[in-house]
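> Model the following, please.
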Amino acid sequence: MTAREPYSVEIKVRLYELDPLGHLNHAVYHSYGEVARIELMEAAAGEQNRLRDENVAPVLLASQISYRRELRQGDVVNVTCDFKFGTGKTFEAAQTIVKTDGTLSAEITCTLGIMDLERRKLVENPRGRLEQAGYDLAMLSTAE
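Numbers count the residues shown, from 1 in each chain. Below is the predicted model of the structure:
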């Protein structure tokens, strides 16, 4: 069995996302990462979002980015996302932003959790909670 590639979305760099130097603004890299994380969670949830029905939701706790190569208007990138589950209340997202020519532009690492929106506390075992809610865990993580 061959390992699958992480989930990926394609995004084109738009003029209004540039800084005064003509490069993609630093904050937009984070936005691109957020787009991929949200789209992956939606795809893995399928047609019904049971987490919302249970009044819990994924929450971003920390985000770190390493910029590798600049992006300019018109560049097209693939933004990947792959979750890594361990023990405890949090899990990690490993992401890359890669130009279609293969140039690595940025690497993003995030710490996430699943928050009980009434109690404002993280739930135990986020992987198990996602599985219980019907998420496709094989879609969320290549490490399964």
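> now residue 109, what's its secondary structure?
The three-state label given to residue 109 by DSSP: H, G, I helix; E, B strand; the rest coil is strand.
> Number of residues surrounding the closest residue to it other than its chain neighbours?
Closest residue in space to residue 109, ignoring its immediate chain neighbours: residue 64 at 5.0 Å, by Cβ to Cβ, 6 or more residues apart in numbering. Using the backbone N, CA and C atoms, a C-beta is placed for each residue, glycine as well. Counted with other Cβ atoms under 10 Å, residues neighbouring residue 64 total 10.
> so what pLDDT did the closest residue to residue 89 other than its chain neighbours get?
Leaving aside its sequence neighbours, residue 89 sits nearest to residue 122 (Cβ to Cβ, 6+ apart; 4.1 Å). According to the prediction, residue 122 has pLDDT 97.
> likewise residue 54?
89.
> Phi first, then psi, for it.
For residue 54, the backbone dihedrals (degrees, to the nearest 10) come out as phi -90, psi 0.
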